[in-house]
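K.L.:
got a predicted structure here, sequence first:
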Amino acid sequence: MTPAAKLPDKIENDEQYDELLARIVKGAQTIEDPLLDPNDRQRYMKAYDKMVSVAMAYRFKSGGEANGEEAAHAEG
């Protein structure tokens, strides 16, 4: 088994964002496997949550669609 790539703490560009989205999808598929050991599921879920958090932080920062929604909630 090859070691997993380090989870990024932040994303610098759209290419990194797209790569992280692909990892998020792959992680979700792994987590959904009914044969996955519960301890492994917990470990994968922790990594999944971090990747989603990093991706969301980048998208909000870079002015994605969600950014407008976030601003509307902040003002209201």
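P.N.:
Nice, I can see it. Numbering: from 1, shown residues only.

K.L.:
residues contacting the longest helix along the chain, please?
P.N.:
Longest helix in the chain by number of residues (criterion: DSSP state H): helix 38-61. Residues from elsewhere that reach helix 38-61 (Cβ atoms under 8 Å, 6 or more residues apart in numbering): 4, 7-11, 16-17, 20-21, 23-24, 27-28, 30-31, 36, 66-67, 70. Just so you know, the C-beta spots here come from the backbone N, C-alpha and C atoms, and that holds for glycine as well.

K.L.:
next one: L35 from R41, what distance?
P.N.:
As judged by Cβ to Cβ, to the nearest Å, L35 and R41 stand 10 Å apart.

K.L.:
compare these two (neighbour count), which wins?
P.N.:
Neighbours per residue, other Cβ atoms under 10 Å: of L35 and R41, the larger number sits with R41, 16 against 4.

K.L.:
state the pLDDT value of the more buried one.
P.N.:
pLDDT for R41: 97.

K.L.:
same deal with K26?
P.N.:
Per-residue confidence (pLDDT) for K26: 97.

K.L.:
element containing it?
P.N.:
Using DSSP states H and E, the element containing K26 is helix 14-31.

K.L.:
and that helix, how far from the chain's centre?
P.N.:
In terms of Cα atoms, centre = their mean, to the nearest Å, the gap separating the centre of helix 14-31 from the centre of its chain is 7 Å.

K.L.:
ok, stretch 23-38 next?
P.N.:
For stretch 23-38, the distance to the chain centre is 14 Å (Cα atoms, centre = their mean).

K.L.:
quote the end-to-end distance of that stretch.
P.N.:
One end of stretch 23-38 sits 20 Å from the other (Cα to Cα, to the nearest Å).

K.L.:
in it, what's buried?
P.N.:
For stretch 23-38, the neighbour count (16 or more other Cβ atoms under 10 Å) marks R23, I24, G27 as buried.

K.L.:
ok, the first one to G63 distance?
P.N.:
In this structure, R23 and G63 are separated by 23 Å, where distance is defined by Cβ to Cβ.

K.L.:
could you do the second one as well?
P.N.:
I24 is 20 Å from G63, where distance means Cβ to Cβ.
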